[in-house]
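Trainee: here you go, sequence then predicted model.
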Amino acid sequence: MIRSVDKVSVYFRDAFVGTIQMAPGSSQCVFEYDKTWLVDGFSLSPTELPLTGDLLYADPGKFGGNFAIFEDSLPDGYGLYLLDRILRRQGTSLEQTSPLQRLALIGRSGMGALNYRPEIQTTYGQDYLSLDDLDLAQDKALIVLSEKDFTDASLLYYNSANSGGARPKIALVDDEGVHWIVKFRHLTDPADIGKNEYLFMQTASKCGIQIPRIRLFGGKYFASERFDIGEDGKRIHMASAAALLKVDFRRQNIDYTNLLALTGYLTQDPEQVEEMFRRMVFNLVADNKDDHGKNFTFLCDGSNWRLAPAYDLTYSPAGSNREHSTSLFFNGNPGLDLVIKAGTGIRIPKARCLKIIDMVQSICKDNLPVIRELI
């Protein structure tokens, strides 16, 4: 069994932000900013944790009693699967942990600039995997996911950096000091899934969409540079759209109109609103229906919010019952009329909307094997 946790201290890098505790007699978390942070800091989530000296209570019945922004630090899919397997070998399970224990399990090993103390260690004496170990990591991931042997679950989790998504991943640093997230094939993925994502991300870049630096290691392992680590090596605060909108990304409950409005509200920058519009158009044309709320992220440098580079742009026609995970005016397969309505509704001129749509469709048609034309 892992030890109990009565309260968790939240840090931004090494600066103390505030404290999370459980409300008395409740499974609901309560958060309080530190007085010093109130003077010099910023809101971790303007939509959920305003910068105030008042006690802030998590929405009851959501995120297991935790705040969405802190729950955002946890991995999902693959990472949670590994963590649960590790805990089961120690006599418990992820389901049996409290919100505070889950944050303590993340500690300082998560993505972004937030970290949590005390820290509960679940893996010991593990080694970091390198670029020379990619085939080894792929083989070990498939063995664990097939539930043949869980011996290497700890090694894989230790190297995952608690990154999100359903596919196996490891975080590593190359010889030039560049931080990468390398993705591997899941059991049901085609052998060329890495090449496919590389093609789609390249195409998105040609469409004018901001992406991180990308690589295809070994001709098959797709990798993207981490955008939560700055050029100075310092961590950057990040929050997914799902966390900022306080919704469960596993459900089809976000609309692109929400994302466009959120981008305008956070960034106050028309160019970034247009960038979000462009990403929406690309996902619709490229048939990327895995466009849920955790696949859009915002970064904050301490004062200004901005869109993170785009990621997880790939061919994903299944989606949610063959519909996009993020709808548009509640339509899971919207046409041209709704796309233009969304753009003009956020003050992008109709002529500009049509120009972006035409450009994205033309580039995708020239570069991708299959597209969905907006008509």
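Mentor: On my side now, so go ahead.

Trainee: state the phi and psi torsions of G64.
Mentor: Per-residue torsions, G64: phi 60, psi 20 (degrees, to the nearest 10).

Trainee: for it, what are its contacts?
Mentor: By CB atoms under 8 Å, 6 or more residues apart in numbering, the contact set of G64 is S27, E71, P99, R102. From N, CA and C alone the C-beta is placed, and that goes for glycine too.

Trainee: repeat that for 6 Å
Mentor: In this structure, G64 makes contact with P99, judged by CB atoms under 6 Å, 6 or more residues apart in numbering.

Trainee: quick thing: my sequence starts at 758, can you match it?
Mentor: All set: I'll call the first residue 758, so the last point we hit is now G821.

Trainee: element containing A928, please.
Mentor: Element membership for A928, per DSSP states H and E: strand 926-930.

Trainee: setting the sequence-adjacent residues aside, check what's closest to Q778.
Mentor: Once flanking residues are discounted, Q778 sits nearest to K764: 4.4 Å by CB to CB, 6 or more residues apart in numbering.

Trainee: find me the pLDDT at that neighbour, would you?
Mentor: Each residue has a pLDDT score; the one for K764 is 96.

Trainee: what's the burial count for it?
Mentor: Applying other CB atoms under 10 Å, we find 12 residues neighbouring K764.

Trainee: from K1003, how far off is it?
Mentor: According to CB to CB, to the nearest Å, K764 and K1003 sit 22 Å apart.

Trainee: longest strand of this protein?
Mentor: Longest strand in the chain by number of residues (criterion: DSSP state E): strand 772-779.

Trainee: just checking: what are the partner strands of that one?
Mentor: If you go by DSSP bridges, strand 772-779 pairs up with strand 764-769 (antiparallel), strand 786-790 (antiparallel).

Trainee: for Y1072, find the nearest of the ones you listed.
Mentor: Nearest to Y1072, of all the strands paired with strand 772-779, is strand 764-769, at 36.9 Å by CB to CB.

Trainee: restrict the closest one to CA atoms and write it as CSV.
Mentor: What follows is strand 764-769 as a C-alpha-only set of coordinates in CSV (Å, rounded to 0.1, in the frame of the first residue of the first chain):
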residue,chain,number,x,y,z
LYS,A,764,-2.2,17.7,1.8
VAL,A,765,-0.1,18.5,-1.3
SER,A,766,2.0,21.5,-1.9
VAL,A,767,1.9,22.8,-5.5
TYR,A,768,5.1,24.3,-7.0
PHE,A,769,5.7,26.2,-10.2
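
Trainee: how far off centre is that strand?
Mentor: Distance, stretch centre to chain centre, for strand 764-769: 21 Å (CA atoms, centre = their mean, to the nearest Å).

Trainee: got the buried residues for it?
Mentor: Neighbour counts over strand 764-769 (16 or more other CB atoms under 10 Å) mark V765, S766, V767, Y768, F769 as buried.

Trainee: now distance to Y1022 too, for those residues, in CSV please.
Mentor: Below are these laid out as CSV (distance: CB to CB, whole Å):
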residue, distance to Y1022
V765, 28
S766, 29
V767, 23
Y768, 26
F769, 22
